[in-house]
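Visitor: When you get a sec, could you give me coordinates for this:
(chains A and B)
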Amino acid sequence: MLKFAAAIEGLNDRIGRFTSWGILVLVVLQFAVVIQRYVFGVGFVWLQETITYVYASVFMLAAGFTLLRDGHVRVDIWYREASEKARALVDLLGALVFLWPVTGLLLFVAWPYVSRSFAILEGSRESGGLPLLYLLKGEILIFAAALALQGLARAIRAVAVLGNGETEEGAR
Amino acid sequence: MSVSEGLDIGMFVVACVVLLAGYPVAFTLSGTAVAFALLGWALHVFDPTFLSALPQRIFGIMTNPVLISVPLFVFMGVMLERSKVAELLLETMGRLFGRIPGGLGISVTLVGALLAASTGIVGATVVTMGLLSLPTMLRWGYDPKLASGSIAAAGTLGQIIPPSLVLVVLGDVLANAYQIAQTSQGNFAPETVSVSDLFAGALIPGLVLAGLYIVWQVIVAIVNPKASPPAPAGLGKVTLREVAGALIPPVALVLCVLGSILFGIATPTEAASVGAAGTLLLGAQRRAPHLARWFVATWISLALLLAMASSIDMRLGRSDTTAVEHVAIVVAALLSLGLASGLLLAIRVNFREDVLTPVVRTTTEITTMVFTIVVGATFFSLVFRGLGGEAMVARHLEALPGGSAQAIIVVMVAMFLLGFFVDYLEIAYIVVPIAAPVLLKMPMPDGSAMSPVWLGVLMSVNLQTSFMHPPFGAALFFLRGVAPPEVKTSHIYLGAIPFVVIQILMLWVLWEWPSLATWLPRLLYASQ
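Guide: The predicted structure follows:
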């Protein structure tokens, strides 16, 4: 089971490392748009849309990665002082009570929304825009799935900590 | 009280309690909302079709043009921190002001205000200053309470002095609320309020606040000289050249970014991208001094490009381009190429020096954290609305006997108290959409029409306070994490109290003199 958790973590880690370069792409493209607009008075809808796509993709795809790195903010007045077992219990219960119901609901309501978009291969509403809007909407499913999987990996590690009674290397 | 109102209040209370367990806030909020949605459905007071709006809401967040500036501002702040530009600034200012009593504390506030303007991340500023300045202050014999309070407070200045994330987020939310308020009053050509308006509105109050911090430090230095002594003898002299070298580049960059937004030349997103590119260059300059002339050349081409753009019409695709303009366009194209290669060189240097990789990772984590909370808060407010909570809040706020003044105070107190549990993002995305449309329909305390800028600035000073009120304030946590062990937690808490009092004083000042917030936007954007 721990191997399975490690596999999920490896996947989210790779996704996160890859998508984080989107930030640099975002900086460079937006800067290029500024120069184009202010110096040469030209603008391209597809370039502006690419920026939106890159920006949205970074945080939609990296949500699981951020959970892996424990980057989602916690109210940690009690959590940071708690024992390892207590923290494992919070992570396990949190996944069961909060994370999975949320991602489950999101998958449930987003599925028809995304498949409608895929069915017509929905594109941009602007002329000259990117014809890939359906892919962007599809990222909602990836967002939910990556979070649910990463929650599973954390839960597996938490169960191991609770079961072993001895110190287990955390899921960071 | 009906069943659905009970559920609404219950949802708030339960969320605040379970948050304390320490599971990530975004999922705790949304999970609580899902549970109460199911409960409401079972009790026939919640229509589950409300939830089918979720994907559209999330898609709206993904394509929100205002929020694209968030990763860019975060990148700018993280880059300034990691490339040691901030560190050098702090060290130089400390040596410059260290000779006078209270000087080090004052320089911390000044650097906080300057850096603040470049980042909006409380954690980054507090950690940097806590690691660099706190040990020095203690060594010089500062009172640990004053030292830690000054640092925590200075770190939060970034939330009120523009450009800041709090203002971007509030601007986004208030724009919607303002529209709803006006439409519901029958005005179908509503006025707008933008992030730029809020930036302009928050500038003077932010500077006044920084001034108040400094006044407090001067008072302490006079009344109790032992609490903030000057530097011990033997502190190295600081040359004008050093000060200029450390101060001018980051300050010039911040002023350019802020100036272009305030004067309406660029949108916050555009200005932020220039700022981000600028920090790439600054960081590379710091890391690779032997390549300095290339970076100077890059800056010069940027300056020339902007100068040419403002004096010569170089728009492409016109039929009436003159010969001079043709030449100018070619020159500008060459300059752009130079600029691009300079930027590539800077990216390469930052990558080689192992600065860029951690910066993009940290930026990704912070951006994702921010947006996951926005998504979580969207779940929460959707269910809250589905249970009829919005109408309930509006009814109760409008029924208050004290009119708009009392309604504003009630909302402000609620925001202040919520600050004990959650941070500005959740408050901005949960409380503001519920309360602001109601408040924006009311008159100001002085009887004139409500100014959304004034309300936004009032809210952001209030939200800034939530970072430093004991025991939950985020700035205090970050400081605790990096403070040496001889600084007790009680020192940090006690030290923060005078600054929290200053914040409340500032709220009162804004209440009495709303023009502090409304004067500059009116001057800059005269049409409003």
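
Visitor: list the buried ones in stretch B:48-64?
Guide: Within stretch B:48-64, the residues scored as buried using 16 or more other Cβ atoms under 10 Å in any protein chain shown are B:50-51, B:53-55, B:58-59, B:61-64. Just so you know, the C-beta spots here come from the backbone N, C-alpha and C atoms, and that holds for glycine as well.

Visitor: Would you mind listing what in the stretch 251-400 of chain B touches chain A?
Guide: Proximity of the stretch 251-400 of chain B to chain A (Cβ under 8 Å from any Cβ of the partner chain) is limited to residues B:266, B:269-270, B:272-274, B:276-277, B:280, B:305-306, B:308-309, B:314-317, B:329, B:332, B:336, B:339, B:343, B:347, B:356, B:360-361, B:363-373, B:376, B:379.

Visitor: Selection in ChimeraX covering whichever of those residues are buried, please.
Guide: In ChimeraX, this line selects whichever of those come out buried by 16+ other Cβ under 10 Å:
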select /B:266,269,270,272,273,274,276,277,280,305,306,308,309,314,329,332,336,339,343,347,356,360,361,363,364,365,366,367,368,369,370,371,372,373,376,379
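
Visitor: Return the subset of the residues of the stretch 251-400 of chain B next to chain A lying in helices.
Guide: B:269-270, B:272-274, B:276-277, B:280, B:305-306, B:308-309, B:329, B:332, B:336, B:339, B:343, B:347, B:356, B:360-361, B:363-373, B:376, B:379 (DSSP state H).

Visitor: close to chain B, is stretch A:39-56?
Guide: Yes: if you take Cβ under 8 Å from any Cβ as the test, stretch A:39-56 does meet chain B, through A:39-42, A:51-52, A:55-56.

Visitor: gap between that stretch and the chain center?
Guide: 23 Å (Cα atoms, centre = their mean, to the nearest Å).

Visitor: quick one: average pLDDT of that stretch?
Guide: Averaged across stretch A:39-56, pLDDT comes to 91.

Visitor: quick one, helices of chain A?
Guide: Going by DSSP H, chain A shows helices at A:2-35, A:45-61, A:63-68, A:84-94, A:100-119, A:133-164.

Visitor: which of the residues in the second one are buried?
Guide: By neighbour count on 16+ other Cβ under 10 Å, the buried set for helix A:45-61 is A:47-61.

Visitor: Check the stretch 151-300 of chain B for the residue nearest chain A and tell me.
Guide: Proximity to chain A, evaluated over the stretch 151-300 of chain B using Cβ to the nearest Cβ, is greatest for residue B:273 at 3.5 Å.

Visitor: Can you tell me how far the nearest residue to that residue once chain neighbours are set aside is from residue B:280?
Guide: Leaving aside its sequence neighbours, residue B:273 sits nearest to residue A:30 (Cβ to Cβ, 6 or more residues apart in numbering or on different chains; 3.5 Å). Distance of residue A:30 to residue B:280, computed by Cβ to Cβ, to the nearest Å: 13 Å.

Visitor: so where's the chain shaky on pLDDT?
Guide: Picked chain A for this. By pLDDT under 70, the weakly predicted segments of chain A are A:165-172.

Visitor: that answer is for a different chain, and I need it for chain B
Guide: B:1, B:116-124, B:233-236, B:526-528.

Visitor: Who are the contact partners of the spatially most distant residue from the centre of it?
Guide: In chain B, the greatest distance from the average C-alpha position (Cα atoms, centre = their mean) is reached by residue B:323, at 46.7 Å. Counting by Cβ atoms under 8 Å, 6 or more residues apart in numbering or on different chains, residue B:323 touches no other residue.
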